[in-house]
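> Whatever this is, show me its structure:
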Amino acid sequence: MSLRQSVPSRRALLAAAALLPLAGRPAAAVTAPSRARRYYDRAAALAGDDPVLRALVKVLAPGLTMPEPKPLGPLRVFDDVAVLGTTFVQATALFTSGGIVLLDAMGSPDDAEKIIVPGLRAVGADPAQIKYVVVAHGHADHFGGARFLADRYGARVMMSRKDWDLIAAERPANAPERDLEIADGRKLTVGGTTIAFHHTPGHTPGTVSSIFPVRWKGRRHTAMFWGGTNPPVATADKRTTLASVLAFAATMRRAGVEVELTNHGGVDDGLTRIERLRAGTTGAANPFVIGRARTQRFMKVMEVMMRGRIAQDEETSAARARPAPACC
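Numbering: from 1, shown residues only. Prediction:
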C-alpha cells in the first residue's frame with residue numbers, strides 16, 4: 001500500500017559531512033570534562049573489542065577527522081538487500097515481489113544516474129522497478145538523487161513531514177517534489193515485504209528509522225536501519241536524539257531485531273563487513289546479522305556516547321559562565 005500523507009544550509013552539510021568514515025583517536029582518549037569523559041570511558045568499555053561497537057564509539061566522539069570518500073562496488077549484502085554508493089554514503093535497495101524500495105538516494109542526480117542505476121543492474125535488478133524512495137532525513141547526501149529517480153522511473157518519494165518542511169524552508173538544489181509523508185509508526189507493504197517506519201528525530205527534526213525483514217541464504221531475519229547518526233550541534237537536539245535512541249531501542253527489542261544497517265558504512269564498521277562479504281571470507285555467516293544482544297548493545301553504546309556529548313556541552317557552558325578569578 002502507499003502512504004498519503006536541501007542544497008541544505010552550510011550547517012546541515014557540515015553535519016552530514018561528519019559521517020564520513022572516520023580516522024582519529026578512540027573516544028576514551030578525547031580530552032573532555034570529567035563527567036563527559038566517564039561516559040566516553042563507559043561506552044568504550046561496553047564496546048570492548050567488538051569492531052562494530054568500537055567504530056560507533058569513535059564516530060560519536062567529538063573532534064575526529066574525516067578522509068575523502070572512495071568508490072564502493074555494489075553488493076548484495078542479503079538475498080534481498082543491496083548496498084550501492086561510495087565509502088561516504090550509501091543507498092540501500094530492498095528487493096520485493098512488488099518492486100524495489102530504495103532507502104536513501106545519495107547526493108545528486110549524477111549519483112543516481114551513475115552509481116545507483118548501474119549498481120542495481122550490476123546486482124541483477126532493474127532500476128525501473130524502483131517503486132519508492134524512502135529518504136531517512138532531509139540532508140542533501142540522502143535526497144539528492146530522489147528527484148531523478150522519481151522523474152525517470154515514476155518512483156514515489158517518502159519523507160517525514162518535518163523534513164519535507166526543512167527542505168521547503170531551505171529550498172536546496174535537486175530537492176524532490178513534495179510527495180508522500182511518513183507518519184510515525186506507519187507501515188509500507190510492497191509485495192510480501194512490510195517496512196515499519198519510526199520517527200527518530202535529533203539528527204534532523206524528522207529523521208526516520210526503519211524495521212523490516214531480510215533473508216540470508218533463504219533464512220528470515222529482522223533488520224533495523226538507523227536513519228541519522230551524527231550528533232547535532234545544539235544541546236537540546238542532542239537530548240532529542242537521546243530520547244530517540246531510547247525509544248527505538250525498545251521498539252527494536254519488541255520486534256526481535258538482529259540485523260544492524262545504516263546509511264553511512266563508516267559509522268559501524270559496515271564498509272569492512274561489506275568487503276568481507278565480497279571477498280567470501282565470512283563462510284555461511286553474514287556479518288550484518290549481529291544478534292539481538294549486540295543490536296541492543298549497539299543502541300546502548302549510542303545512548304552512553306550521547307549522554308557524554310550532552311554532559312560535555314553542559315560542562316563547557318558552565319565553565320564559560322563562571323566569573324574570571326580576581327587578579328592581583
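> And the helix or strand harbouring A293, what does it pack against?
If you go by DSSP states H and E, A293 is part of helix 291-321. The contact analysis (3 or more CB pairs under 8 Å, 6 or more residues apart in numbering; DSSP states H and E) places helix 291-321 against helix 34-47, helix 51-60, helix 235-255, strand 259-262. The C-beta positions use only the backbone N, C-alpha and C, and glycine is treated the same way.
> what's the burial count for A321?
Applying other CB atoms under 10 Å, we find 7 residues neighbouring A321.
> what about the helices in the chain?
Assigned by DSSP state H, the chain shows helices spanning 10-17, 34-47, 51-60, 109-111, 117-122, 140-143, 146-153, 161-170, 235-255, 270-279, 291-321.
> possible to save those helices as TSV with mean pLDDT?
As requested, these are arranged in TSV below (pLDDT from 0 to 100):
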stretch	mean pLDDT
helix 10-17	39
helix 34-47	96
helix 51-60	97
helix 109-111	98
helix 117-122	98
helix 140-143	96
helix 146-153	98
helix 161-170	97
helix 235-255	98
helix 270-279	97
helix 291-321	95
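> Out of those helices, flag the one nearest T96.
Counting by CB to CB, T96 lies closest to helix 117-122 out of the helices of the chain; the figure is 13.7 Å.
> neighbouring contacts of that closest one?
Outside of helix 117-122, the residues within contact range by CB atoms under 8 Å, 6 or more residues apart in numbering are G73, P74, A82, L84, G85, A93, I100, D126, P127, I130.
> switch the cut-off to 7 Å
For helix 117-122, the external contacting residues (CB atoms under 7 Å, 6 or more residues apart in numbering) are P74, L84, A93, P127.
> Quick check: of the residues you listed, which has the highest neighbour count?
L84 (27 neighbours).
> From D104, how far off is the nearest residue to it once chain neighbours are set aside?
The shortest distance from L84 to any non-neighbouring residue, by CB to CB, 6 or more residues apart in numbering, is to G119 (3.6 Å). Counting by CB to CB, to the nearest Å, the gap from G119 to D104 is 13 Å.
> same deal with H139?
Going from H139 to D104 by CB to CB gives 10 Å.
> With D151 instead?
In this view, D151 and D104 are 17 Å apart by CB to CB.
> So those two - more neighbours on which side?
Neighbour totals were compared for D151 and D104, and D104 leads with 29 against 13 (other CB under 10 Å).
> Hmm, V135 and the more buried one touching each other?
Yes: under the criterion of CB atoms under 7 Å, D104 makes contact with V135 at 6.3 Å.
> Overlap of the contact sets of those two?
Common neighbours of D104 and V135 (CB under 7 Å, 6+ apart) are H142.
> Can you name the residues bridging to the residue nearest to D80 when sequence neighbours are not counted?
Nearest non-adjacent residue to D80, counting by CB to CB, 6+ apart: F95, 4.5 Å away. The partner list for F95 in beta bridges (DSSP bridges) reads I100.
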